[in-house]
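Asker: Just need the structure, nothing else, for what follows:
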Amino acid sequence: MDNWFLNQIHIKWLYLFVITLFLTCNTYGLEEQKDNSINLKGISFANHEEIDLKSDWEFYWQELILPGDFDSFNPSAIVSLKNWTNYTLEKHKKLPSFGYATYRLKFHVSKNTPNLSLYIPAAYASSKLWINGKLISEIGKVATTKENVLHRRYTQIIPLNTHEVDFEIVIQVANFYHNKAGIDKPLKLGTSHHLNTVKSKRIVADMLFIGCLGFIGTFFIVFFLLYWNKDKAILYLGIACVSLAYMALSDRYAPLAEIFKSASWVLLTKIEYTSLFIAGTTASLFFSVIFKQDVHKLYEKILKYSCLLLVVLVIILPSPYFTQLILPFLILMIINLVYVTYIIVRAMFTGKLHDSILMLASTLLGSIVFYIHIFVFLGNNDNAIVYVNFGYVSVFLLLSMLLMVRFSSSFKQLEKSRSLALQQKKEITDKSEQLSNINIELKENLRQLKSFNEELDSFNHIVSHDLKAPLVAMHSLVSFIEEDLDDTLDDNAKGYFDLLKERISKMNALINGLLEYSKVSRGEKKKELFSLNDLLNEIIDIINYQEDSIINIPLENINIIANRIELEHVFQNLISNSIKYNDKEKTIIDISFLQREDEYVFSVEDNGPGIEPQYHNKIFEIFSKLNTNDAVESTGVGLSIVKKVVTENHGKISVESKMGIGTKISFTWKI
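Answerer: Sure, this is the predicted structure:
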């Protein structure tokens, strides 16, 4: 019984000891955690082995502790290295981006290990490093206030003392500019030879990347500005290359921070982010130019406005908010790459690939490399970026070859156009010579025409004086003879004298009509603004002075622009003919008007006997008369004058008639 009781007591104490040990291991105690360290004595570091010092770091929030002073402080947590905004210390609240902290790690290595070095990645903060109590480096300036902190960001390789096997690393950090804070990548422990070799390879890869892209970009920008600004793809690729080159240079080597020692790291970061956004956008715009026929019309606008918005936000937003724009930009680029892939695949299967297979290869390779870059960036994998750099260089070299092919094709087209232009210039020169000869002929024709006009004027003078004068004399002589012989003449003789005087009057009228016809189109074509109804009323007052005819004019009094004298002559002839040849008891004339875009349309319609269709064109011929019995006095010149006046004003005249019902003569008049 006593043994059983003692056994039960021993078991209870054992349970209590296990529970206490468990709680102790899972609680951040004071004394226990201070002895926390990593034992690496069993690692030989052969075959270039690297050790990631990622976990078991003591983290002291809002404390800048010097080596040797840690006995007075308790760590806030034992952490793995990542953005400290992911840490939860108390009340389950995550830490803010802005602040300062101290990291400490202890580790042990074996004796007789090769020369070791410590690779310290660039942190989104200013930092200060001690190894075994000795200050090794300070990047920027560490302080507890934003005003006193000077942010800088570099990677370091620190050789370790080969005579020591126990190491204490203390790093103070302060961040007041980025949404990522603290040390977010693991420190690496490895042989000095290996780490320096990796660094050298990275530098070579970076210099190749930065140098090639910088040269390609500068070349294409200068080429576009000075020599060939017809293809925007050249400019877009040039800007993308220069922006990527600057971004890589600034991110890994920060030359501006070295040149301007006191420059604001926030300003430098804003420039870096702007370069990134411009690089992504111009690369996409380059694609949109290459596949111009396949991409949607809104594609280019969406890219431009999205980039502009991101750049404006980077400029106006304070830290750390502007540094959070990298995520929406990457999402935009991923969506863009999906669309690019879709366009490329569609071009492959629909046969709409406009250029060579070079474009397809470069665009596909560029998309693949960019996909890798995005996921590498998100994954914080620094090693793979070396290979990504080579991929980018290969892509941009292929794209450069593509642009050269496009330029060569465009240059050939230009040469072809230039050759065609020279041929056309030669043809124009020949035509010019022909035109010159025609001009000479035209001048000669004009000279002859002037001579003919002078002869016509002389002829008119002869007709008006030398022909009309004898007629007037004959008419007077006949009148004198008739008066002298009035008592001796019988009715028969008097009829002959009247017939003779009538024939003389007709001859005089014929000569007047001929003179009038010859004057048409020789006068000045002066246009003026006047009222159509006012003109018609003046004509009606002269022709229908006895008011024995009904003449209807348009109801609306329209102002028109025309040569008033010529239009008056046309209406006077048409209205006079309608009255003169009317066979009805009461003459009815309707005058109408219509205005079109570039011409007027007039018509004069009567209720006369009508004109047979075979005579519709003949009535406009000079000296043509349909009346053969001379019942109505006519010279046959009036309508020919009307047609000539209308034609000279770029118009047309037509006849509509029904026998026994009436005739409608319509004509147009150019405005």
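
Asker: Could you chop this protein up by domain?
Answerer: 1-29, 36-189, 199-417, 421-518, 524-670 (automatic domain parsing).

Asker: Mean pLDDT lowest where, among these?
Answerer: For the domains of the chain, mean pLDDT drops lowest on domain 1-29, to a mean of 40.

Asker: Make sure Tyr119 is indeed in a helix.
Answerer: No - Tyr119 is assigned strand when assessed by DSSP: H, G, I helix; E, B strand; the rest coil, not a helix.

Asker: Who does it form a beta bridge with?
Answerer: On the basis of DSSP bridges, Tyr119 is bridged to Ile157, Lys188.

Asker: what number of residues lie near it?
Answerer: For Tyr119, the count of nearby residues is 23 (other CB atoms under 10 Å). C-beta coordinates here come from the backbone N, C-alpha and C atoms, glycine included.

Asker: Also the one 5 residues further on?
Answerer: Using other CB under 10 Å, Tyr124 has 25 neighbouring residues.

Asker: I'd guess it is in a helix, am I close?
Answerer: No - in this structure, Tyr124 is coil, not part of a helix, as judged by three-state DSSP.

Asker: any idea how far Phe593 lies from Val642?
Answerer: Distance of Phe593 to Val642, computed by CB to CB, to the nearest Å: 17 Å.

Asker: and Glu656, that's in a helix?
Answerer: No - Glu656 is assigned strand when assessed by three-state DSSP, not a helix.

Asker: That one touches Ser666, doesn't it?
Answerer: Yes - the criterion here is CB atoms under 8 Å, and Glu656 meets it with Ser666 at 7.2 Å.

Asker: Does Glu138 fall in a helix, a strand, or a coil region?
Answerer: Put simply, Glu138 is strand when judged by three-state DSSP.

Asker: Now do the contacts for the nearest residue in space to it that is not next to it in sequence.
Answerer: Leaving aside its chain neighbours, Glu138 sits nearest to Lys128 (4.6 Å; criterion: CB to CB, 6 or more residues apart in numbering). For Lys128, the contacting residues are 135, 137-139, 142, 171-173, by CB atoms under 8 Å, 6 or more residues apart in numbering.

Asker: The same query, at a cut-off of 6 Å, please.
Answerer: Contact analysis of Lys128 by CB atoms under 6 Å, 6 or more residues apart in numbering lists 138, 142, 172.

Asker: Buried ones among those?
Answerer: Buried members of the contacts of Lys128, scored by 16 or more other CB atoms under 10 Å, are 142, 172.

Asker: Would you format the contacts of Lys128 as CSV with distance to Asp534 included?
Answerer: Output for the contacts of Lys128, formatted as CSV (distance: CB to CB, whole Å):
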residue, distance to Asp534
Glu138, 102
Val142, 100
Gln172, 103
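
Asker: Closest one of the contacts of Lys128 to Tyr581?
Answerer: Closest approach between the contacts of Lys128 and Tyr581, by CB to CB: Val142, at 117.6 Å.

Asker: Can you pull the phi/psi pair for that closest one?
Answerer: phi -90, psi 130 (degrees, to the nearest 10).

Asker: Any figure for the gap between it and Thr197?
Answerer: Computed as CB to CB, the Val142 to Thr197 distance reads 31 Å.

Asker: again, but for His178
Answerer: Distance of His178 to Thr197, given as CB to CB: 30 Å.

Asker: Compare neighbour counts for those two and give me the winner.
Answerer: His178 (24 against 13).

Asker: Pretty sure that one sits against Thr323.
Answerer: Yes - the criterion here is CB atoms under 6 Å, and His178 meets it with Thr323 at 4.9 Å.

Asker: which residues touch the helix or strand that contains Leu135?
Answerer: Following DSSP states H and E, one finds Leu135 within strand 134-139. Residues from elsewhere that reach strand 134-139, judged by CB under 6 Å, 6+ apart: 126-129, 152, 154, 158.

Asker: ok, those residues vs Gln293, which is closest?
Answerer: For the contacts of strand 134-139, the nearest to Gln293 is Tyr154 (47.3 Å; CB to CB).
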